[in-house]
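# Pasted the sequence and its predicted model underneath.
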Amino acid sequence: MEETPKPSRNRNRFFSLLIFFKDRFDLHEGKEDELETIDYIGKNVEFKGANLWILIFAILVASIGLNVNSTAVIIGAMLISPLMGPIMGIGLAAGINDFDLLKKSMKNLGIAVAISIITSTVYFSFTPLNDAQSELLARTEPSIWDVLIALFGGLAGIVAGSRKEKSNAIPGVAIATALMPPLCTAGYGLATGNIYYFLGAFYLFFINSVFISLSTYLIVRFMKFPKKEFIDSKREKTVRTYISIFTLLTIIPSVYLAYNIVKRTFWQKSATEFVNTEFDFTGTQVISRNYKYNPDSSLIEISLIGDRIGENEIAQIEKKLVAFKLDKTYLKVRQSGDQGMDINILRSDILKDLYERNEALIKDKDLRIALLERELNEYSFSSRQVTDIAKEAKIHYANLDHFTLNRSIIANLRENRQDTLLLAIAKFNKSPSNQEKDRFRSWLKLRTKADTISLIFQ
């Protein structure tokens, strides 16, 4: 019998593996009819009536969550928000050449954004809590991770939306991409007159929206959704031209934005490493650091307290910026005792540094206190439970004088593990019979709902 050549067998295995993976990752499996998906997304585009009121209420909930620094409240607001509809509608419209849907989606997104910012601005104008909490500050500076989350989240959203059985992926995408909090933060910026917060937060919202739309467009094209047909071929050509221009105007800036965010992320990482490495002195401490990235001229500004560092030494440190790939970056060092250094700013920096350094310690102590309180409550409950059980036992067994009940740790040396055992000690003024002992043991197991119990009679 002639043996099959080895290369042929390897080729067959390779093709079998390809077929296996193709079946596993086939997006057409379980897919809803394309027209149904288009209709489903199209219905969620418009902001009118109930949808608009839900948006306003969600914005108010998110603003309160940012105001009181409550992550749970912010997540709840993102689940309520209907903002995903028009954003996915833009990507879908670009993918199927539906210019009417594109105009409708952009118009409704503009309305939603305007109402969201107005609502949050009004709220933050009247709230007595004006401090910028950590949850709010986190929405003022986009990072590369925000881009990746928006891109992959958008991919998950459109894939889930195209299934016959709708999953909870779209609400999950709304939470992961965080569309609501940036708009609320933008409103906070307007209410407090902080243009930096407004621009940073709105920039984050813009990035999330662009990349969700882009991911929707890519999946729609990949899955070959039917494009809109026109009776007039001239109008069809015009619409396709407009869609192509819009798509390019979306993709090119998004690539540019992503590139700049990647550059800034790497710069901030290098700047942090530079400060941590070069300003590690025994008698001097960095109490604040401020990184300002600009492609043409970046700035690292730090404040020091303690022993003064000489100008020559600072000049030597500044020369090391290039070694950390911090070209076109300038270093500004403020030290205690410098002329013109605001004592209030210095005090603020010191307090901020102390808070940041002790924040982890505070959290650790809070956890310890909570643990001790829980153990104390359990002990108190166990004490009351023992008293109640002892009183009940006295009713059934008049000769019972003393009773104790406790959970004990038993070391199982043979199996090298620990077991928890309910241990009870009962003392009678008159020795009970074996039948009474068995009955008492059965009653106690039933009363304590314990699987096993060790009962000692005295």
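Nice, thanks for sending it over. Numbering: from 1, shown residues only.
# Please tell me I have it right and Phe124 contacts Tyr188.
Yes. Counting by Cβ atoms under 8 Å, Phe124 does reach Tyr188; the two are 4.6 Å apart. All C-beta atoms are positioned from the backbone trio N, CA, C, and that covers glycine.
# following the helix or strand containing Thr404, which helix or strand shows up next?
With secondary structure defined by DSSP states H and E, Thr404 is part of strand 400-412. Sequence-wise, the next helix or strand downstream of strand 400-412 (DSSP H and E) is strand 417-428.
# which parts of that next one are buried?
Leu422, Ala424, Ala426, Phe428 (16 or more other Cβ atoms under 10 Å).
# Tabulate the residues you listed (CSV), appending distance to Val147.
Listed next are these as CSV, based on distance: Cβ to Cβ, whole Å:
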residue, distance to Val147
Leu422, 56
Ala424, 63
Ala426, 69
Phe428, 75
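# For Ile118, give me the pLDDT.
Predicted confidence (pLDDT) for Ile118: 91.
# need the contact list for the closest residue to it other than its chain neighbours.
Distances taken as Cβ to Cβ, 6 or more residues apart in numbering place Gly187 nearest to Ile118, at 7.5 Å, with adjacent residues excluded. Under the criterion of Cβ atoms under 8 Å, 6 or more residues apart in numbering, the contact list for Gly187 reads Ile59, Ser63, Ser116, Ile117, Ile118, Thr119, Ser120, Thr121, Val122, Tyr123, Phe124.
# Recalculate using a threshold of 10 Å.
59, 62-63, 66, 116-125, 197-198, 201-202 (Cβ atoms under 10 Å, 6 or more residues apart in numbering).
# Repeat that for Lys107.
Residues near Lys107 by Cβ under 10 Å, 6+ apart: Val45, Glu46, Phe47, Pro86.
# Please verify my assumption that Leu148 contacts Asn208.
No. Using Cβ atoms under 10 Å as the test, Leu148 is too far from Asn208 to be in contact (11.1 Å).
# Neighbour count: these two, which is higher?
Shown here are Leu148 and Asn208; by other Cβ atoms under 10 Å, Asn208 has more neighbours (25 against 13).
# what phi and what psi does the backbone show at that one?
The phi/psi pair for Asn208 (degrees, to the nearest 10) reads phi -60, psi -40.
# What is the three-state secondary structure of the closest residue in space to it that isn't next to it in sequence?
In this structure, Asn208 finds its nearest non-sequential neighbour in Ala150, 4.4 Å apart by Cβ to Cβ, 6+ apart. On the three-state scheme (DSSP: H, G, I helix; E, B strand; the rest coil), Ala150 is labelled helix.
# From Ala94, how far off is Ala150?
Per Cβ to Cβ, to the nearest Å, Ala150 is found 16 Å from Ala94.
# If you count surrounding residues, which of those two has more?
Applying other Cβ under 10 Å to Ala150 and Ala94 shows that Ala150 carries more neighbours, namely 28 against 25.
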